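**Q** task: produce atomic coordinates for the following.
(chains A and B)
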Amino acid sequence: MFAALFSLDGRRKRLLGKTGAGPLRDYLATPFVPRHTPCSAVGYVALDLETTGLDPQHDEILSVGLVCLDGLRIDLATACHWYVLPTRAIPEQSAVIHRITDDRAAQGEPISAVMARLLPLLAGRVLIAHHARIEQGFLAHGCRRLYGGEFIIPTVDTQLVEKRWLEQRMRPYSANDLRLAQLRNRYNLPRYRAHNALSDALACAELFIAQVAGRDSARAPPLKGFLVKP
Amino acid sequence: MDVELLEIRDFLAAHPPFDRLPDEVLDRLPLELSVRYLRRGTPFPPPDADGAYLYLVRSGALELRDTKKELLGKYGEGEIWNSPCDQEELGTDLRVYTVEDSLFYLLPCERVAQLRQRYPTFDELFERSIRERLKRAIDALQQSCSSGIGLLTVEVSRLVTRAPVQVEPQISIREAAQLMNQERISALLVSEGGVLLGIMTDRDLRHAVAEAIPYEQPVSAIMSRKLHKVTRETSAFEALITMTRLNVHHLPVMGRDGVCGLISTTDLVRYQSANPIFLVGDVRTCGSVEELARVATQLPELQVQIVSAGATAYHLGHAIASVTDAITQRLIELAEIRLGPPPLPYVWIAGGSQGRREQTIHTDQDNGIIIDDAYDAERHDSWFGALAHFVNDGLDLCGFSRCPGEVMASNPRWRQPLRVWRDYFHDWILHAERKKAMLAVNFLDTRAIYGESLLHDKLHAEAVALAKENKVFHAYLAANSLTNSPPLGFFRNFVLVSDGDHAKSLDVKHRAIIPIVDLARLHALAAGLPEINSLERLRAAAELGAMPAETAADLEDALEFIATLRARHQARQTTHGEVADNYVKPAELSPLERSHLKDAFSVIRTVQNALSQRNQGGRLY
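**A** This next block holds a predicted model:
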């Protein structure tokens, strides 16, 4: 009973009651996957955002890349990549990283249209991202601003998964070891071009299925072992 | 498509069979894939697969073993595992699993089937029969080098520009010469009542003048009666090889209703600049070993030209052997000028790849001398010894290295009268053992190069007849043809030799060509066939039923593919100023060539395995 109250799905139900009609309410209407579900029986969406900076209060989303996983199989047919029309000029220091120019961004869609397309895809799925705080933060801020409500989602942060795994085994690591490209290399994954939202989302999805495969269990472990604590 | 999956698209575009799909299909294909990661030791296809897929290795590796855990193959990045889509081929005795943590791209089998149906070039690579794949590979290899208007692809009928000028045998030499002047031709055909009798060329006229034959004599007195003909469908290259071998410059072309034209070397020159026939011509005018050596330096360039004309190894072998024969003949003539006339009739013989006409520029000498039975070592050997040393040294200077096993005429053992040679063969064949069988193998692949060819031809025919009847000898030949086995395939930039054994380069000669040459010889000799060339041996053995036609055809294709690949490898080395060798690095090969080579290896292995089982069972072939 208490568990239901404090669980993420419990929070979802409470938020649903407080949220007005619109994309966010529709999203919250779909139940979250139970935490004890084997991780091979879960629907995931690996997501990456390219932004003008790291602060959701001040910075803007420039592009969204995602790909869905059907259990531990990545389904490339679901791959999406959208550009978002920013409200201000793109700061130069971020443009050198994501290489999205003002001209490119000008062909994007308003954030409201992108969010309305994104939220239905997230419904009932678990989010996968590397250093997921950024994605969570920008999505939550967007929802607050556009729909005046709170956004939550069960999340697997591949960086945190690796960090916990290493700490449980008392293996020393440096911050650099936890970067996406470094980890992919350790798991024998091919080298991809970084800082393209779709490419990074796919890179992150592949890293996750490699991390799950790396656990020495014969049966797929439950989802909860990979989730970020709410 | 969403261009951001470009990385996956580019990966597909770089690997067969996907590289054969049109751009618009490749653009969409990434969206039809799914991705899986399987840790090391996962059996294949994975037990939790939710459908039938083709698996493309993106990173990592797969191993294929039989029930006895014997390694059969290894697949790395860019290679496909298609068994789930091909149930008929899936053997239950195979064990497949990942040997590294691996990432795979999966394409549903239904989609593979659709693509195969829609795109024939894509489908080709799934062709079940290795034979079909190898045949296509040979064609592709030829086309990739040839400009399309090469000598090989052109039929002689296309080079014939006019109807041949024919005369009656009774007309005078003067009248014939006037006619040639008037028609501006260098040769005319002599015929009577529609029957071709001979040919008269500028060369015959020159001889007539030199020998002061009266111009009023009929042409029949000076014409050449030995007529070698070609048909309209003969490739220009075959015609060139025939001319080179016979050292003639004209060949009548036969149509359905008799002779329909005459082609000359000039006609062929328009199609190709570096020409073995001119090299042979140059060789014949050389007055010293040094001059010969200079002409011989053009041999590597000749190979480059022939390869780039789109010729296969069979044609190349004949062309290079013709030039090598000419160099040997000229050396012997030079030796005879220096030593005086031979004290007895003899014949110079060549074996090995020159004997089989399977030569490339990188070959050692294999030769000997058969002398008339009146031979007496005390009286005659100084002359023959001097000849042998002169020719062997000369060949060495011309780029044909000395045989490391001393199988050369300068070795007194291989410079003997017919009766001694006969004893050799009796001993090798009737009292067979391993070493003797190897010697016999050397001398069963010989041809007469210069002198009394009957001495050789008789001996060879006797040896072949003797070999046919002797089953124990066959057993040794069979064992000999199993000593060199092909590798399993390639893995990344290594040649996969066997479990845990990798090589940096493929020894094409020992690992692939010699096994087929040995198998061809075994089957030809066991059937008493006189052929020497491996392709001809295989064809003859199949015709006689001494070998299943499919097996012979498979080995033929495998040999042509491998030997042509080697010829190209050597041509490339020559072009880059390197010395030609037999070692092909996996990095030189395209993914497609690798897969065709694997097919060729598996053809050899299949025939060798069958032979080895029969040999153990006491039945030899």
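
**Q** all contacts plus neighbour counts: C-alpha atoms, from now on.
**A** Noted.

**Q** for chain A, which residues are neighbours of chain B?
**A** A:72-81, A:187-190, A:192, A:196, A:198-199, A:206, A:209-210, A:213-214 (C-alpha under 8 Å from any C-alpha of the partner chain).

**Q** got the confidence number for residue 5?
**A** This is for chain A. pLDDT recorded at A:Leu5 is 52.

**Q** actually chain B
**A** B:Leu5 is given a pLDDT of 84.

**Q** who's in contact with it?
**A** The neighbours of B:Leu5, taking C-alpha atoms under 8 Å, 6 or more residues apart in numbering or on different chains as the test, are A:198-199, B:30.

**Q** next one: B:Phe473
**A** Contacts of B:Phe473 (C-alpha under 8 Å, 6+ apart): B:429-430, B:432-433, B:437, B:467.

**Q** try 7 Å
**A** With contact set as C-alpha atoms under 7 Å, 6 or more residues apart in numbering or on different chains, B:Phe473 has these partners: B:429, B:432, B:467.

**Q** type out the ChimeraX command that picks the buried ones from those.
**A** The buried subset of the contacts of B:Phe473, as determined by 16 or more other C-alpha atoms under 10 Å in any protein chain shown, is captured in ChimeraX by this line:
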select /B:429,432,467
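
**Q** between the contacts of B:Phe473, which sits nearest chain A?
**A** Within those, distances to chain A taken as C-alpha to the nearest C-alpha reach their minimum at B:Ala432, with 55.9 Å.

**Q** around residue 189, how many other residues sit close by?
**A** If you meant another chain, say so; for now it's chain A. 22 (other C-alpha atoms under 10 Å in any protein chain shown).

**Q** actually it's chain B I care about, not the one you picked
**A** When neighbours are defined as other C-alpha under 10 Å, B:Leu189 has 23 of them.

**Q** give the buried residues for the host helix or strand of it.
**A** Assigned by DSSP states H and E, B:Leu189 belongs to strand B:187-192. Using 16+ other C-alpha under 10 Å as the test for burial, strand B:187-192 gives B:187-191.

**Q** contacts for that strand next, please.
**A** With C-alpha under 7 Å, 6+ apart, strand B:187-192 has contacts from B:165-169, B:196-202.

**Q** widest-spaced pair of those?
**A** Spatially, the most separated pair among the contacts of strand B:187-192 is B:Leu196 and B:Asp202, at 18.5 Å (C-alpha to C-alpha).

**Q** who's more crowded, these two?
**A** B:Leu196 (18 against 14).

**Q** quick revisit: need the buried ones from the residues of chain A next to chain B selected in ChimeraX.
**A** Buried subset of the residues of chain A next to chain B, written as a ChimeraX selection, criterion 16+ other C-alpha under 10 Å:
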select /A:72,73,74,75,76,79,80,81,187,188,189,190,196,198,199,206,209,210,213
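
**Q** strands - which of the residues of chain A next to chain B land there?
**A** A:73-81 (DSSP state E).

**Q** in CSV: these, plus distance to B:Ser590 and pLDDT.
**A** CSV is the format used below for those (distance: C-alpha to C-alpha, whole Å; pLDDT from 0 to 100):
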residue, distance to B:Ser590, pLDDT
A:Arg73, 31, 95
A:Ile74, 30, 96
A:Asp75, 30, 96
A:Leu76, 28, 95
A:Ala77, 30, 93
A:Thr78, 33, 95
A:Ala79, 31, 94
A:Cys80, 34, 93
A:His81, 34, 93
